[in-house]
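> I need the structure of the sequence given here:
(one chain, ligands or ions: 1)
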Amino acid sequence: MSDTKLHCGNCHIPVDFHDEVYLDELNTITHKKCGPGLFGVKDTGTFHEIISKYYLFKESLPLS
Ligand SMILES: [Zn+2]
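This next block holds a predicted model:
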């Protein structure tokens, strides 16, 4: 499975690499279907794209 340890800020379900997500100004990830966080959308895309762009969440990820 490709689940990560990072949970959506709204529904608290683990975010999958292929899920469409929002990244807000506090670097909170939420599923697109759950709606954006409270602090303004900084970016959107698949979780994998966000990771690749910002390289923020590698501690949460089972990357080698
Ligand atoms: Zn969610």
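
> give the contact list for residue 33.
Residues near residue 33 by C-beta atoms under 8 Å, 6 or more residues apart in numbering: residue 20. Every C-beta, even on glycine, is put in place using the N, C-alpha and C of the backbone.

> right, I mislabeled it, should have said residue 40
Residues in contact with residue 40 (C-beta under 8 Å, 6+ apart) are 24-25.

> can you do 10 Å?
Residues near residue 40 by C-beta atoms under 10 Å, 6 or more residues apart in numbering: 22, 24-26.

> same thing with residue 44?
20-24, 30, 32, 36, 50.

> Show the buried residues in the contacts of residue 40.
Listed as buried from these are 22, 24; burial here means 16 or more other C-beta atoms under 10 Å.

> Disregarding flanking residues, what is the spatial nearest neighbour of the residue nearest the centre of the chain?
Central residue of the chain (C-alpha atoms, centre = their mean): residue 29, 3.6 Å from the mean position. Closest residue in space to residue 29, ignoring its immediate chain neighbours: residue 21 at 5.1 Å, by C-beta to C-beta, 6 or more residues apart in numbering.

> before we move on, what about residue 37?
Per C-beta to C-beta, 6+ apart, closest to residue 37 is residue 24, 3.6 Å.

> what's across from that neighbour in the sheet?
When assigned by DSSP bridges, residue 24 has beta-bridge partners residue 41.

> My understanding was that it contacts residue 34; is that so?
No. Contact between residue 24 and residue 34 fails when scored by C-beta atoms under 10 Å: they sit 11.8 Å apart.

> Return every residue with contacts to both of these two.
With contacts defined as C-beta under 10 Å, 6+ apart, the residues shared by residue 24 and residue 34 are residue 9.

> Make sure residue 51 is actually in contact with residue 19.
No. In this structure, residue 51 is not within contact of residue 19 by C-beta under 10 Å, at 11.6 Å.

> Where helices are concerned, which of the contacts of residue 44 count?
Among the contacts of residue 44, the members found in helices (DSSP state H) are residue 50.

> Strands of the chain, residue ranges please.
3-7, 14-16, 20-24, 29-31, 41-46 (DSSP state E).
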